[in-house]
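Engineer: based on what follows, work out the 3D shape:
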Amino acid sequence: MNEWTCTIPGRPTTKGNSRRIFRAGGRPFTASSPQAIAAENNARAVAFAMRPVAPLVGPLRLDVHFVFAIPQAARERVSKRGKVTPAKLCPGEPCMRRIDRGNLLKLIEDALEGIVYDNDSQIVGGDVAKVWGERDETRVSVRALMG
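Structural biologist: Below is the predicted model of the structure:
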């Protein structure tokens with residue numbers, strides 16, 4: 001098996017950095033927010049349920065599409081007179097929401113580590129996109145580039 005795909009339901013969440021810095025054994029570290037921990041646990045649970053027989057090996061390509069639900073205000077509406085107002089946003093259009101793409105990706109890379117692949121250093125390329133859609137979800141595809 002050289003490819004693995006899954007869809008993780010729920011709103012895409014960033015890994016995020018906590019403003020609080022802790023010290024353990026003389027080394028500083030930051031703690032993730034409760035929302036980020038819950039999102040990562042959800043992603044890990046979905047990935048574990050659909051895990052491959054053995055972790056993928058070698059260089060990997062990771063393609064991730066973060067899908068955000070179109071807000072109700074941006075959907076088409078029918079007025080009291082029956083006039084249809086066209087939608088402002090359509091599924092598949094780029095999402096310009098102020099959420100950092102890199103932090104979204106970091107959460108997914110860390111969640112899949114140890115389940116789909118041994119170490120996220122195996123990821124050498126891929127495509128990442130933020131798009132509008134019908135529901136909040138994250139579509140993930142991991143493919144081995146060799147073998």
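Engineer: walking through the protein, point out its helices one by one.
Structural biologist: 34-49, 101-112 (DSSP state H).
Engineer: which of the ones you listed sits most buried?
Structural biologist: Highest mean neighbour count of the helices of the chain: helix 101-112, a mean of 19 (counted as mean count of other C-beta atoms under 10 Å). (C-beta placed from N, C-alpha, C; glycine too.)
Engineer: distance from that one to the middle of the chain?
Structural biologist: 6 Å (C-alpha atoms, centre = their mean, to the nearest Å).
Engineer: cool, stretch 106-126 as well?
Structural biologist: 12 Å.
Engineer: remind me what the lengthiest strand in the chain packs against, helices and strands.
Structural biologist: The strand spanning the most residues in the chain, taking DSSP state E as the definition, is strand 60-69. Here strand 60-69 touches helix 101-112, strand 123-125, strand 128-133, strand 137-144, going by 3 or more C-beta pairs under 8 Å, 6 or more residues apart in numbering; DSSP states H and E.
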